[in-house]
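Peer 1: just the structure for this:
(chains A, B, C and D)
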2 protein chains.
Amino acid sequence: MRASDRAYQRLREEILDGLLAPRTVLAEVEQAARLGVSRTPVREAFGRLVADGLLAAQSGRGLVVTELSAGGVHELYELRTALEDQAARLAAQRRDPRVFEDLARRFAAAGDLVHLGEEGLHRYYELTDDLDAAIDEAVRNSYLADALRAARTHLVRIRRLARHDPGRLREAAAEHLLIVEAIAAGDAGLAAHATHVHLHKSKTHFVRLVERHLDETSNAPSATVATTGA
Amino acid sequence: MRASDRAYQRLREEILDGLLAPRTVLAEVEQAARLGVSRTPVREAFGRLVADGLLAAQSGRGLVVTELSAGGVHELYELRTALEDQAARLAAQRRDPRVFEDLARRFAAAGDLVHLGEEGLHRYYELTDDLDAAIDEAVRNSYLADALRAARTHLVRIRRLARHDPGRLREAAAEHLLIVEAIAAGDAGLAAHATHVHLHKSKTHFVRLVERHLDETSNAPSATVATTGA
DNA sequence: GAACGGGTCTGTGTATACATTCGCGCCGTC
DNA sequence: GACGGCGCGAATGTATACACAGACCCGTTC
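Peer 2: A predicted model of the protein is given here:
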């Protein structure tokens, strides 16, 4: 694998995991040294991360890890709703029913994950990732898939703020089950509307999370440069 | 301005204008020599063009200018509909009415452009570009705007195949006028539905264009390497 | 004659050296 | 004391040199 790919993947994961916190300033030489490669692959990785919206040019020199905000979550969901509603609609028209019948069984059983704590939440995310993949596969539209991938990238960052919440997990499982059943049944309209409803509830949940998170960290900015300096 | 930015812009324009035809193979050294810069900025430009979906990695070595196909137009419009419907809906909720009232006047007068031939078509594209910009401005959602920009990039390539068509231009002007009036009036539902209808008609029109274009060029592949070699 | 293997050669990937620009701090002046 | 200009320095932007890989060609063999 190419060094630039590894640099990109590594930095991307570190941003998504929060190891590189929002507002952290990244310099080429510094990261090149840390990752054990030269500036060239790091520059390429930076370029891709900027395109992903995970890094942004700082006023003046340097790149910063982009910030999460409640307003940003609203904006992200305005995009996500448009894309996922459409994807669900198209998936219902083009799916292999067996794939979604299988997913329906797994979502129906997902209530049990409630008892596994954080591990259960993690397992649930794997399940929703499988659903996303199944929808992409059914829709067979690379333009839509690319746009969805970009939107989901940012979702991962928000999702990371969540702790296990049995009530919300049970609700989400019921919402997802309805979506999957609608797709399996080939009911495009229901699939789209059920997706819309689910995303609305999901958004409400996450906006609350982000607001709480920003409150908690407002006096202790997440950027490492700022904290280590003080 | 940076050499890599100029390389990117130049190559992008050449692809969108069809100067670099689909299936054309691009090599770093070759383009570096042609553009009068070193490989480094060319590599960066290539990376951005791949992210834009205008270049794709060829099997083996080299990058190729991506192809247009009727199926691709369908896929593109599945994405575009999702994004533009949502954008129109949100614009109707957030617009400054004066901006769209002004646009409505311009679209109402656009019928006159029919008499200007190709120049009229060009002028009409400028008008729709202004509408796109006004919608982005009203929506104020960077995620959505980025996704729309990506989709519109590909649209430009398809649009290039069009010749002046008085009938279609008059129809399009009427459809656009309805959209703009709905946004000006703050009627989000109508704005979204009018956009959907317009895009459906637009898609039908362009699919026909692309099919005809592919027919015409099927025996004379557009890639320069193929034609000069034969 | 076709298929497989080795060698060459071109093109990409990475490192590094060089150029350039812009930020930051210091000093001077008002 | 504050503001502005100047200079230094560090970080980015570009060029180039080097390493490596894989694609193509040719020869050989079956």
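Peer 1: report the buried residues of stretch A:49-62.
Peer 2: In terms of neighbour count (16 or more other C-beta atoms under 10 Å in any protein chain shown), stretch A:49-62 has its buried residues at A:49-55. Where C-beta positions appear, they are placed from N, C-alpha and C, glycine not excepted.
Peer 1: restrict the residues you listed to those near chain B?
Peer 2: Residues of these in contact with chain B (C-beta under 8 Å from any C-beta of the partner chain): A:51, A:53.
Peer 1: dump the buried residues of stretch A:49-62 into a markdown table; add secondary structure as well.
Peer 2: A markdown table is the format used below for the buried residues of stretch A:49-62 (DSSP: H, G, I helix; E, B strand; the rest coil):
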| residue | secondary structure |
| --- | --- |
| A:49 | helix |
| A:50 | helix |
| A:51 | helix |
| A:52 | helix |
| A:53 | coil |
| A:54 | coil |
| A:55 | strand |
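Peer 1: can you redo the buried residues of stretch A:49-62 as CSV with pLDDT?
Peer 2: Compiled in CSV, the buried residues of stretch A:49-62 are given as follows (pLDDT from 0 to 100):
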residue, pLDDT
A:49, 97
A:50, 96
A:51, 96
A:52, 96
A:53, 96
A:54, 97
A:55, 97
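Peer 1: nearest to DNA strand C, of the buried residues of stretch A:49-62?
Peer 2: Distances from DNA strand C to these, taken as C-beta to the nearest atom of the strand, are shortest for residue A:49 (15.1 Å).
Peer 1: can you list the residues of chain A near DNA strand C?
Peer 2: Within chain A, the positions near DNA strand C by C-beta under 7 Å from any atom of the strand are A:2-5, A:37-41, A:44, A:59-61.
Peer 1: what's the ChimeraX line that selects buried ones from those?
Peer 2: Buried residues within these, by 16+ other C-beta under 10 Å, are selected in ChimeraX with:
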select /A:3,4,37,41,44
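Peer 1: also near chain B: which of the residues of chain A next to DNA strand C, exactly?
Peer 2: Residues shared between these and the neighbourhood of chain B are residue A:44 [C-beta under 8 Å from any C-beta].
Peer 1: where does chain A have low pLDDT?
Peer 2: Where chain A drops to pLDDT under 70, the residues are A:218-230.
Peer 1: and stretch A:134-145, what's buried?
Peer 2: Going by neighbour count (16+ other C-beta under 10 Å), the buried part of stretch A:134-145 is A:134-136, A:138-139, A:141, A:143-145.
Peer 1: and these, which two are furthest apart?
Peer 2: A:134 and A:143 (18.5 Å; C-beta to C-beta).
Peer 1: show me how the record splits chain A into domains.
Peer 2: A:3-67, A:70-216 (automatic domain parsing).
Peer 1: turn these into JSON lines, columns for distance to residue B:25.
Peer 2: Converted to JSON lines, those look like this (distance: least, C-beta to C-beta, whole Å):
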{"stretch": "domain A:3-67", "distance to residue B:25": "21"}
{"stretch": "domain A:70-216", "distance to residue B:25": "21"}
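Peer 1: most tightly packed of these?
Peer 2: Each of the domains of chain A was scored by mean neighbour count; the highest is domain A:70-216, a mean of 18, by mean count of other C-beta atoms under 10 Å in any protein chain shown.
Peer 1: re earlier: list just the nearest of the buried residues of stretch A:134-145 to DNA strand D.
Peer 2: Closest to DNA strand D, out of all of the buried residues of stretch A:134-145 and judged by C-beta to the nearest atom of the strand, is residue A:145, at 25.8 Å.
Peer 1: can you tell me the SS state at residue A:18?
Peer 2: Residue A:18 - assigned by three-state DSSP - is coil.
Peer 1: in this structure it contacts residue A:160, no?
Peer 2: Yes: between residue A:18 and residue A:160 there is a contact at 5.8 Å, judged by C-beta atoms under 8 Å.
Peer 1: closest one to DNA strand C out of the buried residues of stretch A:134-145, please.
Peer 2: Looking across the buried residues of stretch A:134-145 and measuring by C-beta to the nearest atom of the strand, the closest to DNA strand C is residue A:145, at 22.9 Å.
Peer 1: what about the closest one, helix or strand, and which?
Peer 2: In this assignment (DSSP states H and E), residue A:145 forms part of helix A:142-159.
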